[in-house]
Every structure is written in structure tokens, then in C-alpha cells.
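Peer 1: what would the 3D arrangement of this be:
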Amino acid sequence: MHELSLAQDIIAIVKESLEPQAGVSLKTVRVSIGEMAAVVPELLHHAYDALIADTPLQGSKLDIAIIPVTAICHSCKKTFGLEEYEFLCPNCQSSDIEVLTGDEFFIKDLVVA
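Peer 2: Next up, the predicted model:
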């Protein structure tokens, strides 16, 4: 379950980011995850919640936004969403495509009070 190590990394980054801001309270960690990043959002939520129990981050929530997979066809220059990971251009059926989005994983921002 690599979601546990991802949650640990998120928490470490959050703690480092909040360190210089004494007295702030973390409300939400907004994370963006691509559909192809092989992350199960429910497992990441559970891991995050378990790891922040009895810590200063307890009570904060993890807000996950899923980034869809998009690609561009180098043959016809059409940009499109990939459905069911069929790596063919729906316009010209070319396999000469480049994935543009969908494999990201990043902390978008923190909501503090």
C-alpha cells in the first residue's frame, strides 16, 4: 500500500511548510492526483487520517482532486481525453500521441486559519 508512504510524504511537506507560521491551524490539504498515478483516493484518505491522529494536524482534512488523462495527437494535432486508456486518437486513429495530463501528484495548497 504505497498510499501510506504518500500520506507520510504529504504530512512531512505540510509540517515543513507550516513550521515558520507559528500559531496557524491547518484545515485542509488540497492534493491533485492524475488518474494514471496509481493512487486509490480512499486508501490515501484513510492513511492520512490514521497518521494525523493525536498530532497537531488532527482535524484537518485531505481534499483530493482527480486530474483526467488528456493527450495530443502528433498526426492531426487534436487534443482529447483518454477513455479507458485507449492510446489512440479518436479523430484519426493514430497511435502517435503524447499524454499531457493524468500522471501528476502534487499538493495544490493548504487552507489554514
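Peer 1: so for F80, what's the pLDDT?
Peer 2: Per-residue pLDDT puts F80 at 96.
Peer 1: quick check, central residue of this protein?
Peer 2: I33 (2.1 Å; CA atoms, centre = their mean).
Peer 1: mind giving me the packing neighbours of the helix or strand where it lies?
Peer 2: When elements are assigned from DSSP states H and E, I33 belongs to strand 26-34. Applying 3 or more CB pairs under 8 Å, 6 or more residues apart in numbering; DSSP states H and E, one finds that strand 26-34 contacts helix 2-18, helix 41-52, strand 61-67, strand 105-112. Where you see a C-beta, it was placed from the backbone N, CA and C, and this is true even at glycine.
Peer 1: the last one pairs with which strands?
Peer 2: According to DSSP bridges, strand 105-112 forms sheet pairs with strand 26-34 (antiparallel).
Peer 1: in the partner strand, which residues are buried?
Peer 2: Buried positions in strand 26-34, judged by neighbour count with 16 or more other CB atoms under 10 Å: 26, 29, 31-34.
Peer 1: thanks again, I'm all set now.
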